[in-house]
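> generate a structure from the sequence data that follows.
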Amino acid sequence: EVALEVRWQQVPMAVHVVAMPSKDDEQPQRRFLPTGSGTLPLSPGTQLLLIPEVPEVAPLVRSVGAGASKVAVELGQGEAGQVLKGRVESLTAPLEGATVALRTVDAATGVTVPSTLAKSDTKGAFELKARPGAAELVVVPPTGSELPVARVADPALRLDGAASGWVFRFAAANTATIGGKVVDADGKVLAGARVRFVAEGLTKVGQLEVGGKTYSAQGSVSLELESDASGALVSPSRASLAALPLGTYQVEIRPPATATASVTRQELVLAKAETLTLRAERKATVSGVIAHGDGTPASARVELRDGRGVAAVGVAQEKGEFSLTVDRGYAYTLAIRPLTSGSSAGALLRPELEVKGDQALGSLTLPAGTRIFGKLRGDNGAALVGVSLQVYCEHDGCPQRGLVDEVRSGAGGSFELFVPRGSP
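Numbering: from 1, shown residues only. Below you'll find the model as predicted:
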């Protein structure tokens, strides 16, 4: 437990904390300290990215030293960050309303630190504060400008102190209009679908001038349209045509939740104006028969889970048969759990089930199992509801290696797990 205290000009400062045991940690601990102080469970060497609520103070990095019980950060007026001034132009005219940010790499820790955010004014001018280090500039154009998001990530670009005169110029963009409609697999109008066009790595979108040196920018575009009652593609402003820079786009069609159409992905090479007919495939059917070890049908709850949760759920009844429909092109975990509390069967989990089309899984046999049940309570004796319980088997003799069952505690903290026998 490490106490953290952050103060700005001797006054406690509200701060967002991102705690990373390593600079590449993909799941850091995140906390918001509205009073600028709090206690966090931290190990020695943890890097703390501190993002102040005070807009004039740039985010900063601090490390947790060995044996430290407290990290105190006192910032004075001269420690708010390096001031960077510049302007944004579209061709030769100032561009108002662009959002500008700088990301720098802290030399001591290797952590990437964001700057404060700046918005260009009527003259295209912006001012932000950042920490010194190797830098990447990001310029997000105003909505409706038809310009891409631009990134300048040159190894030679650095911010080593207060700087001014940085000028970013968007290049003239070659664009083409797109329009058209969305239909289902039978060619019928598909209303209420969301269609996203995404392009990365666009070249020659602009350049940054700093002290007589020029740095090229790459760009990205993300545009979402929707289909109206007639299936026609329209923008949020209800315009029937949209302009995009020329390039290669990944297109994702996401039908409304009530539709039988599947999320569908395809590639579009945009070289000229296009009137598109985007076709969403049917959802895939995953079916099978669940049986006990002796071959008799088993009643069970069947789920297909993706990274967002349960994508589809059903019940195999007397004959043990089930059929679920899900989006194509995803990997799912098939989870089968006995329905009856007195069952002698264990749960069956099959991860990484790639569903590219209809799949008949045939007969699925539940392993012999043991029912583990009880109630989950906290130190004070109060029931803990909605807590995830998982059972793993990780040795070579496991009937089913890895995760063998999981459940959330219900009313009164009650839980029930079905574990294959011989799973320590």
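> the longest strand along the chain pairs with which strands, parallel or anti?
When the chain is parsed with DSSP state E, its longest strand is strand 194-210. With DSSP bridges as the test, strand 194-210 is paired with strand 163-170 (antiparallel), strand 213-227 (antiparallel), strand 247-254 (antiparallel).
> how distant is that strand from the center of its chain?
Averaging C-alpha positions (Cα atoms, centre = their mean, to the nearest Å) puts strand 194-210 20 Å from its chain's average.
> begin at 19, not 1, for the rest of this chat.
Yes, from this point I'll number from 19; that puts the last item at strand 212-228.
> one step back: redo the strands paired with strand 212-228 as CSV? Include distance to R300 and mean neighbour count.
For every residue, glycine as well, the C-beta is placed using N, CA and C. Shown next, in CSV, are the strands paired with strand 212-228 (distance: least, Cβ to Cβ, whole Å; neighbours: other Cβ atoms under 10 Å):
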stretch, distance to R300, mean neighbour count
strand 181-188, 42, 18
strand 231-245, 17, 18
strand 265-272, 12, 18
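> quick one: buried residues of the lowest-mean-pLDDT helix or strand in the chain?
Here the helix or strand of the chain ranked lowest by mean pLDDT, DSSP states H and E is strand 420-426, holding a mean of 84. When burial is assessed from 16 or more other Cβ atoms under 10 Å, strand 420-426 yields the following buried residues: L421, V422, D423, E424, V425.
> now the phi/psi pair for S248, please.
Dihedral angles of S248 (phi, psi; degrees, to the nearest 10) stand at phi -90, psi 0.
> sorry, wrong one. I was asking about G430.
Taking degrees, to the nearest 10 as the convention, G430 sits at phi 70, psi 10.
> residues in contact with it?
Shown in contact with G430 (Cβ atoms under 8 Å, 6 or more residues apart in numbering): K393, A401, V403.
> what's the spacing between the nearest residue to A86 once chain neighbours are set aside and G332?
Nearest residue to A86 in three dimensions, chain neighbours excluded: V20, at 6.0 Å (Cβ to Cβ, 6 or more residues apart in numbering). Distance of V20 to G332, computed by Cβ to Cβ, to the nearest Å: 48 Å.
> which ones are touching the nearest residue to D376 once chain neighbours are set aside?
Excluding the flanking residues, the one nearest D376 by Cβ to Cβ, 6+ apart is T303, at 4.8 Å. Contacts for T303 were tallied using Cβ under 8 Å, 6+ apart; they are S341, L342, T343, D376, Q377.
> likewise for D204?
D204 makes no contacts at all, as judged by Cβ under 8 Å, 6+ apart.
> confirm that it sits in a strand.
No: using DSSP: H, G, I helix; E, B strand; the rest coil, the secondary structure at D204 is coil, not a strand.
> quickly list what the residue nearest to A86 is bridged to.
Note on V20: beta-bridge partners L58, judged by DSSP bridges.
> number of residues surrounding it?
V20 has 19 neighbours, counted by other Cβ atoms under 10 Å.
> that one against L60, yeah?
Yes: contact criterion Cβ atoms under 8 Å: V20 and L60 qualify, at 4.4 Å.
> shared neighbours, those two?
V82.
> and L93, how close does it get to A148?
15 Å.
> what's across from T303 in the sheet?
Assessed by DSSP bridges, T303 has beta-bridge partners T343.
> same deal with E227?
Bridge pairing for E227 - DSSP bridges - gives V185, T232.
> that's all I had, so thanks and see you.
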